[in-house]
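A.B. asks: pasting the sequence and the predicted model now:
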Amino acid sequence: MASMSENFLKKRTTTKRVIQCSKCSSNIEVPPTAQTIHCRQCNTYILVSRASRSISGNPLVMSKQVTNSGATQPRLNKRALLCGVSYRGLKYRLRGTINDVKRMQQFLTNRFNFPKQSIRILTEDQPKEEDTPTRKNIENALRWLVEDCQSGDSLVFYFSGHGLRQPDFNGDENDGFDETLCPVDFSKEGMILDNDINSIIVKPLPAGVKLHAIIDACHSGTILDLHYIYKIKSNKWEEDVAPSGRPPKGTSGGLAICFSACADSQRAVDTSIFSEKSKHIFARKDMYGAMTTLFIRAVESHSNITYVGILEFMNEECEAMNIRGRCFNRPSLRRMFNRGLLQEPQLSSSKDFDVDEKFEL
């Protein structure tokens, strides 16, 4: 009898756990310690540690993650998606985006205690094809970011790469252009429009959920199509009202906040100005996004910094670099600095919240 019990317990603890995909209903085997699983049939990512429902509303069998001892793992209420696109091998390659993602991952884990297993990274140097920053993969990962979010959740979307604009055809842009993000395959598959980003990660946010987007790209001022833009010169929020008279885009009760590298009409840049590898002006230095570097520096150097404090710090540092660049005697260096940092970081939000509130993720 003892051997039979032992065999039963051994069989019970080694039984494979299988769940159904929330999109295509395929059966997926779940590794014992997995927090997130990938359905290869439909390229959907599913968070194992929380209850979920499929598109049709059918409940899944993965409502809890239980260890062999019977203990339920705590639910993860922090989740982040970090995308860095370098466009390797192309004439418009960026050399700082991978560095930016590594720095942002370290920032989130060390400063704000984001669990590593709750951070998804999409870059060209990732080993898995589904983690390459293609348009399809980025859009799927954005859906994963907000899937089944609940009150108290903190979500982060970070993007470092090219941003562009294209004519607006539905009358919801004051400047007549939709802002876009460029995945690695945008020349074939197209860009990701601000309208689509809003629909995927802003509109579904329920009450009590806070999303922070940090976008280091050109023309990114209103990349989430949020209703309010903070004007640093007048120290107040202004509504971004559609010229067509359409009602403003909003959330489902949650709060979406976006720090952007520059205004919609401006360009952002990779730069070695902030590199600490070498102080020699002609030495080869690591490249980083100016906005990413300044954003992290603002938070790490001020323990109780506010939202407006971050915005003011980034703008003041950009302006200081512009002035410093104009002091060089060589015209080529003056042009490099002036062109490189002529950007004004922006803050936008789905609500006109108090910008003197302490920044938290």
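C.D. replies: That came through, no problem.
A.B. asks: what is the neighbour count of the closest residue in space to Tyr307 that isn't next to it in sequence?
C.D. replies: Nearest residue to Tyr307 in three dimensions, chain neighbours excluded: Val355, at 4.5 Å (CB to CB, 6 or more residues apart in numbering). C-beta here means a position set from N, CA and C on the backbone, and glycine is covered the same way. Look at Val355: counted by other CB atoms under 10 Å, it has 21 neighbours.
A.B. asks: and the most centrally placed residue in the chain, bridged to which residues?
C.D. replies: Central residue of the chain (CA atoms, centre = their mean): Phe157, 1.7 Å from the mean position. Taking DSSP bridges as the rule, Phe157 bridges to Leu81, Ala213.
A.B. asks: could you list the low-pLDDT ranges of the stretch 201-350 of the chain?
C.D. replies: Scanning the stretch 201-350 of the chain for pLDDT under 70 picks out 270-285, 322-341.
A.B. asks: helices of that one, residue ranges please.
C.D. replies: For the stretch 201-350 of the chain, applying DSSP state H, counting those that start in this stretch gives helices covering 290-301, 307-325, 331-341.
A.B. asks: Leu145 - that's part of a helix, no?
C.D. replies: Yes. Leu145 forms part of a helix when assessed by DSSP: H, G, I helix; E, B strand; the rest coil.
A.B. asks: stretch 140-157: which residues count as buried?
C.D. replies: Using 16 or more other CB atoms under 10 Å as the test for burial, stretch 140-157 gives 140-142, 144-147, 149, 153-157.
A.B. asks: restricting to C-alpha, output it in CSV.
C.D. replies: C-alpha atoms of stretch 140-157 as CSV (Å, rounded to 0.1, in the frame of the first residue of the first chain):
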residue,chain,number,x,y,z
ASN,A,140,0.1,41.3,-30.0
ALA,A,141,2.4,42.4,-27.2
LEU,A,142,0.3,45.5,-26.7
ARG,A,143,-2.8,43.3,-26.3
TRP,A,144,-0.9,41.2,-23.8
LEU,A,145,0.0,44.3,-21.8
VAL,A,146,-3.6,45.2,-21.0
GLU,A,147,-5.2,41.7,-21.1
ASP,A,148,-7.4,41.1,-18.1
CYS,A,149,-5.9,44.1,-16.2
GLN,A,150,-7.5,44.8,-12.8
SER,A,151,-7.8,47.7,-10.4
GLY,A,152,-4.4,48.3,-8.8
ASP,A,153,-2.4,47.2,-11.8
SER,A,154,0.6,49.3,-13.0
LEU,A,155,1.3,48.9,-16.7
VAL,A,156,4.3,50.4,-18.7
PHE,A,157,4.8,50.6,-22.4
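A.B. asks: name the nearest residue to Glu124, sequence neighbours excluded.
C.D. replies: Leaving aside its sequence neighbours, Glu124 sits nearest to Arg88 (CB to CB, 6+ apart; 5.3 Å).
A.B. asks: which of the three states applies to the one you found?
C.D. replies: coil.
A.B. asks: what's the neighbour count on it?
C.D. replies: 14.
A.B. asks: now do the same contact list for the residue nearest to the centre of the chain.
C.D. replies: Neighbouring residues of Phe157 by CB atoms under 8 Å, 6 or more residues apart in numbering: 80-81, 142, 145, 201, 211-215.
A.B. asks: how about the CA coordinates for stretch 105-119, as CSV?
C.D. replies: What follows is stretch 105-119, C-alpha atoms only, in CSV (Å, rounded to 0.1, in the frame of the first residue of the first chain):
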residue,chain,number,x,y,z
GLN,A,105,14.6,47.1,-17.9
GLN,A,106,17.2,47.7,-15.2
PHE,A,107,15.4,50.9,-14.2
LEU,A,108,12.0,49.2,-13.7
THR,A,109,13.4,46.2,-11.8
ASN,A,110,15.8,48.1,-9.5
ARG,A,111,13.8,51.3,-8.9
PHE,A,112,10.2,50.1,-9.0
ASN,A,113,10.5,46.4,-8.3
PHE,A,114,9.0,45.1,-11.5
PRO,A,115,9.4,41.3,-11.5
LYS,A,116,11.6,40.2,-14.4
GLN,A,117,9.0,37.6,-15.5
SER,A,118,6.4,40.4,-15.9
ILE,A,119,8.5,42.3,-18.4
